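Asker: have a look at this prediction, sequence included:
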Amino acid sequence: MRAIEDQFTAQAFITTDVDDNQITAFHPGAMSFAHLNRIADAPGATLGIVSPDGRQGMVDHARDLANAGIPFVFDPGQGLPMFSGPELLELMTGAVALAVNDYEARVVEQKTGKSMAQIAAMIGAVIVTRAAEGSSVITPVGETHVPAVTAEGIVDPTGCGDAYRAGLLYGLARNWGWTKAARLASVMGSIKVAHRGGQNHRPTRAAIARKFGDAFGGTL
């Protein structure tokens, strides 16, 4: 962890109306210095995720993970406007998967001129989340639909995408197939949406496993 004494922590203020239209105000602050943290400074790292960060940090981390042969998920999210189509293709070249929501998928397709299926053929997998409609796992052999898991309540969607990606990374760390990982990801998102705030929930492993079994059968 690095402290930048003359910078504020990154801050986001999101205004959402009843139809889920959003206006976001964002100040990157210390996040703009993410490139100072190097992959080489994390000995023993076995997987990674490159998600919205300082522009140079995203570029350097994607390149360094690829050069080190460390599998990583490329998750451009709100960072998409910072990159051209060729730059996005370069950033995801060393990734094992691209993770985007349905809107971001359309932006990536428009910028790169390649479909999600074509990108999956290039890097191995694309995971597209579709909120209450579940998610799609696209690989070179085809597309699989993963249904959303019924939540105990719809309280706050903030952080659902992050919770979903936690499930993907857990599966990646254990060499699961992408479909099983996406199913766990769906479970994690359903647990998150039932709680207020991004990190104010602490589900036990037993509770997660039970919810996974109820939704999809099998064990973790």
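Answerer: Alright, I've got the coordinates.
Asker: may I ask you to name the longest helix in the protein?
Answerer: helix 178-193 (DSSP state H).
Asker: now do the following helix or strand past that helix against helix 178-193, angle only.
Answerer: Tracing the chain past helix 178-193, the next element assigned as helix or strand by DSSP states H and E is helix 205-216. Orientation of helix 205-216 against helix 178-193 (axes from the mean of the first three to the mean of the last three Cα atoms, to 10 degrees) gives an angle of 120 degrees.
Asker: got the contact list for Glu143?
Answerer: Contact criterion Cβ atoms under 8 Å, 6 or more residues apart in numbering gives Ala117, Ser136, Val137 as the residues in contact with Glu143. Where C-beta positions appear, they are placed from N, C-alpha and C, glycine not excepted.
Asker: contacting residues around the nearest residue to the second one once chain neighbours are set aside?
Answerer: This means Ser136. Sequence neighbours aside, Val128 is the residue nearest to Ser136 in space, at 4.6 Å (criterion: Cβ to Cβ, 6 or more residues apart in numbering). Val128 sits next to Val100, Asn101, Asp102, Ala105, Met116, Ser135, Ser136, Ile138 when contact means Cβ under 8 Å, 6+ apart.
Asker: over to Phe216?
Answerer: Applying Cβ under 8 Å, 6+ apart to Phe216 gives the contacts Arg183.
Asker: check Arg38 too.
Answerer: Residues in contact with Arg38, defined by Cβ under 8 Å, 6+ apart, are Asp60, Asp64.
Asker: for it, give its distance to Ala66.
Answerer: Summarising the geometry, the distance separating Arg38 from Ala66, computed by Cβ to Cβ, to the nearest Å, is 14 Å.
Asker: which SS class is the residue nearest to Ser136?
Answerer: Under DSSP: H, G, I helix; E, B strand; the rest coil, the three-state class of Val128 is strand.
Asker: that one pairs with what?
Answerer: Here Val128 sits in beta bridges with Val100, Ser136, going by DSSP bridges.
Asker: pLDDT wise, what is it at?
Answerer: On the pLDDT scale, Val128 is placed at 98.
Asker: out of the contacts of Glu143, which are buried?
Answerer: When burial is judged by neighbour count using 16 or more other Cβ atoms under 10 Å, the buried members of the contacts of Glu143 are Ser136, Val137.
Asker: just the closest of the contacts of Glu143 to Leu80, please.
Answerer: Looking at those and their distance to Leu80, the nearest is Ser136, at 18.4 Å (Cβ to Cβ).
Asker: which residues touch that closest one?
Answerer: For Ser136, the contacting residues are Met116, Val126, Ile127, Val128, Arg130, Glu143, Thr144, His145, Val146, by Cβ under 8 Å, 6+ apart.
Asker: show the buried residues in these.
Answerer: Applying 16+ other Cβ under 10 Å to the contacts of Ser136, the neighbour count classes Met116, Val126, Ile127, Val128, Val146 as buried.
Asker: distance to Ile191 added to those residues, as CSV?
Answerer: Compiled in CSV, the buried ones among the contacts of Ser136 are given as follows (distance: Cβ to Cβ, whole Å):
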residue, distance to Ile191
Met116, 27
Val126, 24
Ile127, 18
Val128, 21
Val146, 16
